[in-house]
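Undergrad: coordinates only, sequence not included:
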């Protein structure tokens, strides 16, 4: 461990350990709101850019195969940065970590907007993703490091709204920007709020002493292993649906990722100063909280991915129309948030988590039976149910996972907690793509065979007029009939595959429900206060 030295860092918590209940000032609240704004920008950026990938592709003359790297580069950098947030918080303090991260995110956004070729754009997307990855867990750490126990539900609700609202409104924002302005503004919209946040937060957040000497304890080997493990997994998940999960390239990536992850884990649990403190996973409540975060990621990112795919290909809606339909989920989240925050401070988080995942599974399962012609009306109630459920799948599990940890443990734990949600989303989308692209051909063949056999229900399933099906025009050749029916069969088959994907992520939400009892006893409300005082000793 050449990168490890024997210097023992201070055990002082990153946040001010002397904060007592009721001492959160107006300045602290304003600083926290700006932190939430930064997190919102980082999450929103992924969604708004996704809607305009074809426009960016045409403008920079990027090949279709290379186009997806605009998103993949961001996600790899983000997923690598998330678990580093604990170390960066200890070294820089929460205040300066946020200022540097939001500043770098803003500068990288400007660089993306003025990129004139693919290589430059990818370079700035990597910087943007790394900065954005630290903003997300920093906010959830701030909930427990800046505020007394009685204010945790309020702060968690605010952060939770921002975290789940961004993926929901992203498509409509991206679609509107694309149709109204140019793709450059997808990045330039980050500049004004980024500058304001970077300029104001140094004067608003509590002033703590940086521990720059902790840099010398950084285990560079462990850091490299973690980066290889996460990047290999992300790239493998990206390629698996098209190349095949057992293709040579995917097998190499997954084996390399697993080997690096194993080596990283073994090195971390033995290191005196690990890059990421994995010992928090020994606590049943935190381990189950991370598992719930993973299940939420599968359902949240999976649903946000499935709806645009269905509405664009089957229903032929543009980005703005898709975003407008998906706003139902966001509105339901906003309406539910105050109630979820109020209940979260008064009810056992295990019960609320169980109720949330049961409702989430119901909302996802309702979409598994949608018709080929599903649109706003048919999608309305499943979205409402999911929107209500999401707030109870985020706020109580956050309390369950982080609420009983010490102030020293929170930054690392928050990174792991948020990493699991992103990993769930990445794995969920890869499995969804595998279902869609792997099952659609089989459904199409089955429908085609039924049509040839004269099955009227098959004709109705693809939207073909029964009268036309039973009384074929005399002058219609086989080639003409096939050309007419092929797109109808493909869309109907695609819709069936989408429904199967909905059912899969509904089952994942049910797994989350079944995991809740393993969280152990109800978390002691005052444990965090005791831990903060213990950190002073």
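TA: Looks like it came in fine. None of the values given here were measured: they were computed from a predicted structure.

Undergrad: give me the low-pLDDT residue ranges for the stretch 1-150 of the chain?
TA: Along the stretch 1-150 of the chain, the model assigns pLDDT under 70 to residues 1-23, 51, 64-65.

Undergrad: quick one, strands of it?
TA: Counting by DSSP state E, counting those that start in this stretch, the stretch 1-150 of the chain forms no strands at all.

Undergrad: would you mind measuring from residue 88 to residue 405?
TA: 18 Å (CB to CB, to the nearest Å). C-beta: built from backbone N, CA, C; applies to glycine.

Undergrad: what about residue 196, neighbour count?
TA: 14 (other CB atoms under 10 Å).

Undergrad: buried residues of the helix or strand hosting it, list them for me.
TA: Assigned by DSSP states H and E, residue 196 belongs to helix 191-204. Residues of helix 191-204 classed as buried: 193-194, 197-198, 201, 204 (neighbour count, 16 or more other CB atoms under 10 Å).

Undergrad: residue 304: which of the residues you listed is nearest?
TA: Here the nearest of the buried residues of helix 191-204 to residue 304, counting by CB to CB, is residue 193; it sits at 22.1 Å.

Undergrad: that closest one - nearest residue in space that isn't next to it in sequence?
TA: residue 37 (5.6 Å; CB to CB, 6 or more residues apart in numbering).

Undergrad: ok, now which ones touch the residue lying closest to residue 296 once chain neighbours are set aside?
TA: Nearest non-adjacent residue to residue 296, counting by CB to CB, 6+ apart: residue 393, 4.8 Å away. By CB atoms under 8 Å, 6 or more residues apart in numbering, the contact list for residue 393 reads 292, 295-296, 299-300, 353, 356-357, 360, 509, 512.

Undergrad: can you tell me which of these has the most neighbours?
TA: Neighbour-wise, those (other CB under 10 Å) top out at residue 292, 32 neighbours.

Undergrad: can you say which helix or strand has the closest residue to that one other than its chain neighbours in it?
TA: Once flanking residues are discounted, residue 292 sits nearest to residue 397: 4.2 Å by CB to CB, 6+ apart. Per DSSP H and E: residue 397 is located in helix 376-402.

Undergrad: give the buried residues for that helix.
TA: Residues of helix 376-402 classed as buried: 379, 382-402 (neighbour count, 16+ other CB under 10 Å).

Undergrad: got it, and stretch 257-270?
TA: Buried-residue list, stretch 257-270, by 16+ other CB under 10 Å: 257, 260-261, 263-265, 267-268.

Undergrad: just name the lowest-scoring one in those, pLDDT-wise.
TA: Of all the buried residues of stretch 257-270, the model is least confident about residue 268, whose pLDDT is 89.

Undergrad: that residue: what's it in contact with?
TA: By CB under 8 Å, 6+ apart, the residues touching residue 268 are 222, 274-278.

Undergrad: let's see it at 10 Å
TA: 219, 222, 225-226, 274-279 (CB atoms under 10 Å, 6 or more residues apart in numbering).

Undergrad: quick check on the residues you listed: which are buried?
TA: With burial judged by 16+ other CB under 10 Å, the buried subset of those is 219, 222, 225-226, 274-278.

Undergrad: find the pair from these with maximum spatial separation.
TA: 225 and 277 (15.6 Å).

Undergrad: from residue 296, how far off is the most centrally placed residue in the chain?
TA: By CA atoms, centre = their mean, the chain has its centre lying nearest to residue 422, at 4.4 Å. Distance from residue 422 to residue 296, counting by CB to CB: 11 Å.

Undergrad: in this structure the residue nearest to residue 193 contacts residue 102, no?
TA: Yes. The criterion here is CB atoms under 10 Å, and residue 37 meets it with residue 102 at 8.8 Å.

Undergrad: per-residue confidence at residue 375?
TA: Residue 375 carries a pLDDT value of 93.
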